[in-house]
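K.L.:
predicted structure and sequence below. I'll ask about it afterward.
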Amino acid sequence: MPTADPAITPEIVEEHGLTPEEFARIKKILGREPNFTELGIFSVMWSEHCSYKNSRRELKKFPTSGPNILVKAGEENAGVVDIGDGWAIAFKIESHNHPSAIEPFQGAATGVGGIIRDIFTMGARPEFCLNSLRFGPITDPCSSRRVGGTSATAEDRRSQIATNRRLFLGVVSGIAHYGNCIGVPTIGGEIYFDESFEGNPLINVFCLGILRHEQLARGAARGVGNPVFYVGAETGRDGLAGAAFASRELTEESREDRPAVQVGDPFKEKLLLEACLELLATNAVAGIQDMGAAGLTCSTCETASRGGSGVEIDLSKVPKREPGMTPYEVLLSESQERMLIIAKRGKENILREIFAKWDVPCAEIGRVTDDGMMRVRDNGSVAAEIPAKPLAEEAPLYEREARRLTTESTQDTEVFKKIPVPSTSSVVESLKLLLADPTIASKNWVYRQYDHTVRTGAVVKPGSDAAVFYIREANKILAATTDCNSLYCAIDPREGGRIAVAEAARNLTCSGARPLAVTDNLNFGNPYKPENFWQLREAVEGMAEACRVFGTPVTGGNVSLYNESPAGVVDPTPTVAMVGLINEEKHITTQWFKNEGDVIILVGSPASDCSYNLGASRFLKVCFGKKIGPVPKLDIELEIAVQNAVRDLIRLGFVRSAHDCSEGGLAVAVTESCFNPDRLLGADIDLSACSGRRAGGEQDKTAGETPGSTAQMACAILFSEAQSRIVISCDPKNAGRVLSELKSNNVPHAQIGSVIRDDLRISVCDQKLNWQIAELHDLWWNAIRRAVESDSEPIPSL
Amino acid sequence: MKFAVIQFPGSNCDQDCLRAINGLDGLSAEYVWHKETTLASFDAMVLPGGFAYGDYLRCGAIARFSPIMNEVVRAAKEGQLILGTCNGFQVLCEAGLLPGALVRNRGLRFVCDMVNLRIEVADSAFTHDCAQGTILRMPIAHGEGCYFADPETLRELNGNGQVMMRYCDVTGATTPESNPNGSIENIAGICNRDGNVFGLMPHPDRASDVRLGSADGAKIFLSMAETILAGRARAAA
């Protein structure tokens, strides 16, 4: 064994991110001092990324069981949900934030590779990916100020925006590179831009796979004496201790951590995927686990721990990319495209033949034992010997201090005192600004670079409320979406968490689906800061409550803490990825209006019924640079009533389009509905019946109106992000039936207009507003292209 | 009527091709692994899309050395029908079965989109289900689909009726805007001199179902089947 390992000093312990108490616990588990390799092993296994030591108590608040759940959260690499007829789906979302901040192309690419591996480890064939991305602003107007930060010079701003664009371009190219090559379509997701993500973008990737119930593979080392195989790419020095790196804040020096970022090879993973699925279809595998975070270390001790067994491996047998690697390096490497497979004794040759067919390296490196130890040999000598279960499952659990964060909030009626008095022309202009805001604008520039047609299942093109995918081998139609409004969560994480779940369910409902289950990605700041921990707890409790009400258990996910750059912490982002099932093909519904003359109905509370406020709206953010509350209140019973009503109407065959109101409010929802990809349409909308009450107040509209206050009211009605609202359209001959169904179910609604050609006309508060649809579409369709292709930045490539 | 779908390491449209062909009346398809050395029992073969050998070195450059390619070249010389889509087209060019080359897209980025294709040759073995000027809709998804050939090759291609389809707009005009990757003369697909080897960047396999926006891809596979049947009838007579 190499003797170059440093001695264990308190400084070394601290460098490994372990506290003195944790070190004491390690000594107690081992009954002695750890050696350097063992210290490294504990360091990664007990990092936040692997152990969830600061978040696990919160995660326990999520509902995790349900009649369809075959594999629950935390049991395996991904949750598994029954979808009927003997078929099941495995899905999960995972972050690759820190690597992408340092090396966007490879960081994002390996994020895709990692989540795809999690899915086929379960025995499922990966069918599609979504991704939820957050970057700093890529255009000037919305970068006027960093909320709560210091003012920057124009030059600094330009340089910062160039950096944001570089990250955005790099991440999109990285996702395209990996996903396109491996042949798993990327069919949807979301992208937000906000100052809080400067220097620390969020890259959350979701993957879903399909399997027969009997194909379900387990990540457990069972059967004493069974051989342990290492398959896939050779181990190199890349990604050393990446899990530990991901569990720290990003600093100016983080660039020096570039070696902690892995380099991906989608071709190798494609071969690994096919070889593993071919192998899992045989009866030769006792257990299988991918090598993701903490690589060989994590896969060996987790399989042993789950199997209630021990595992002994010999590092000299591990295929390596370079000579002279120490046990510490081999064990902590996060080289990509590797798997650990526990074969059934006597069936080794089946495995060897399949991997030879696919030209994928494979080596027998050890065996399952009965002593509960993770024992690592290196050419005969013992490099590490640790009880597997305490290592994998007995990381310390912490309850961190939580302190309520006070954000700039205000009463509904006060919002207008904080912004200039709007005029009619500024209302018209505001809609244009919103549509050209990269967060709201079409993401076609991005998804055109993603292969979304491979596997021939994307029956709805990217860009509608939810992605809809037809899984041919199972004859099932799935809908999936990712949602989170980080701005809401920054102001009120509990309400933001509830809304993230409600919006995800609403998006699925609009596509014609019934929500099934959730996987979530909690992106927060350093949990040792009480405000950050408070945000985490509030958001989790809000999400948990909503998941319970919607009957959508959480099947797993990922926690990413320490999302901070020198400029500050990110807006808290508990991304919700929700999956639903569409019963029949004819129920598939898109957000786009279909025919001239169709009747447009707003399902949910019309403006006259509630005090619409503009708090936390994209309108305040985009038009005035304000991130102020209050966050819209979610009435969860109303939400359920609205969603059930729309789903029922879809099933009755009355709904030609359905689109939920979210960022940008009713005006943006109606406008986006006009952007039918096959043919642009217009809308003639009359909201004068909604203007009976002043926004947030009780005044009669005839009492002392000024032009300014009418424009204010118009803004509130058009751009408020009041929840639980869906814009649907239907054939005029069915309109009466739709309205009476809504009425008899006591669901608030209003007939607000009809589909026309070419123009968007809105009557609101005695104002008649007009836009050309072609102009609005151009602003919306080309905003991102204009933002990133206007200057001559080098295009990132391999 | 049996089609072989060749599986290279890194092919990722093999399953789509198999399903598209098996979904058509009278047609069936089977996978053939690239290490195989015979294609004797098949009537036609398809080289599917994907990233064979990771597209390392150059798209298709390594795949052409796969053992099965000897059989593909032999079958091509014997006049069997061979279809290469996307990455398969690139492999056919690298193998010298089709002239010219496919280089990086004009915009330098991967492009996934639905395109319009104008049929240039109506009486070919692959397109006789379509009249000349017919517009087919099919998806493309590639980073290196910009077709290039030197002026002399281009003259030959045009003179011999080897240009099978071009990118066009909805009216059939071959405009620069309708050219998604900068291909010379909007060329989307070509065949060899004998007309039995056809490569195209668009995906007939992904235009196999009206639910996906087009079922035009079936016309290519059905034309192949009819050609083979006609050949059999001739042989019997």
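P.N.:
Ah, there it is.

K.L.:
quick one: contacts for the residue lying closest to A:Asn226 once chain neighbours are set aside?
P.N.:
Spatial nearest neighbour of A:Asn226, chain neighbours left out: A:Val368 (4.6 Å); criterion: C-beta to C-beta, 6 or more residues apart in numbering or on different chains. Quick note: C-beta positions are derived from backbone N, CA and C, even for glycine. A:Val368 sits next to A:221-226, A:228, A:286, A:304, A:307, A:309-311, A:342 when contact means C-beta atoms under 8 Å, 6 or more residues apart in numbering or on different chains.

K.L.:
can you tell me the SS state at A:Val368?
P.N.:
Following DSSP: H, G, I helix; E, B strand; the rest coil, we place A:Val368 in the strand state.

K.L.:
buried residues in stretch B:138-156, which are they?
P.N.:
In terms of neighbour count (16 or more other C-beta atoms under 10 Å in any protein chain shown), stretch B:138-156 has its buried residues at B:138-147, B:149, B:153-154.

K.L.:
and what of stretch A:369-380?
P.N.:
A:369, A:372-378.

K.L.:
what do you get for stretch A:601-608?
P.N.:
Counting neighbours by 16+ other C-beta under 10 Å, stretch A:601-608 gives A:601-607 as buried.

K.L.:
what about B:Gly189, which helix or strand?
P.N.:
Using DSSP states H and E, B:Gly189 sits within strand B:187-191.

K.L.:
quick check: the gap between A:Gly615 and A:Thr509.
P.N.:
Distance from A:Gly615 to A:Thr509, counting by C-beta to C-beta, to the nearest Å: 25 Å.

K.L.:
who has more neighbours out of these two?
P.N.:
A:Thr509 (28 against 25; other C-beta atoms under 10 Å in any protein chain shown).

K.L.:
so the host helix or strand of the more buried one, near chain B or not?
P.N.:
In this assignment (DSSP H and E), A:Thr509 forms part of helix A:493-511. No. Figure legend: helix A:493-511 not in contact with chain B (C-beta under 8 Å from any C-beta of the partner chain); closest approach 14.3 Å.

K.L.:
tell me the mean pLDDT over that helix?
P.N.:
The average pLDDT within helix A:493-511 is 98.

K.L.:
cool, and stretch A:310-324?
P.N.:
94.

K.L.:
so which of the buried residues of stretch A:601-608 is the closest to A:Ala101?
P.N.:
When the buried residues of stretch A:601-608 are ranked by distance to A:Ala101 (C-beta to C-beta), A:Gly604 comes first, at 38.5 Å.

K.L.:
next up, the contacts around the closest residue to that closest one other than its chain neighbours.
P.N.:
Distances taken as C-beta to C-beta, 6+ apart put A:Arg725 closest to A:Gly604, at 3.4 Å, once the chain neighbours are dropped. Going by C-beta under 8 Å, 6+ apart, A:Arg725 touches A:602-605, A:642, A:660-661, A:666, A:669.

K.L.:
and which of the residues you listed is nearest A:Pro422?
P.N.:
A:Leu666 (16.2 Å).

K.L.:
the closest one: which element?
P.N.:
A:Leu666 belongs to helix A:665-674, assigned by DSSP H and E.

K.L.:
with just CA atoms, put that helix into CSV.
P.N.:
In CSV, the C-alpha atoms belonging to helix A:665-674 read as follows (Å, rounded to 0.1, in the frame of the first residue of the first chain):
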residue,chain,number,x,y,z
GLY,A,665,-51.0,36.4,-15.4
LEU,A,666,-54.2,36.3,-17.6
ALA,A,667,-52.9,38.5,-20.3
VAL,A,668,-49.8,36.4,-21.0
ALA,A,669,-51.9,33.1,-20.7
VAL,A,670,-54.3,34.4,-23.4
THR,A,671,-51.6,35.6,-25.6
GLU,A,672,-49.6,32.4,-25.4
SER,A,673,-52.8,30.5,-26.3
CYS,A,674,-52.9,32.5,-29.6
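
K.L.:
following it, which helix or strand comes up?
P.N.:
Heading C-terminal from helix A:665-674 (DSSP H and E), you reach strand A:682-686.

K.L.:
pull the residues that contact that next one.
P.N.:
A:593, A:600, A:670-671, A:673-674, A:752-764, A:773.

K.L.:
before we move on, what about stretch A:15-24?
P.N.:
A:10, A:13, A:26, A:39-40, A:42-43, A:46-47, A:244, A:247-248, A:396.

K.L.:
please apply the same query to stretch A:43-51.
P.N.:
Applying C-beta under 8 Å, 6+ apart, the external contacts of stretch A:43-51 come out as A:16-18, A:22, A:53-55, A:241, A:243-244, A:246-247, A:293-294, A:297-298, A:301, A:332, A:391-392, A:395-396, A:527, A:559-562.

K.L.:
understood, closing this out.
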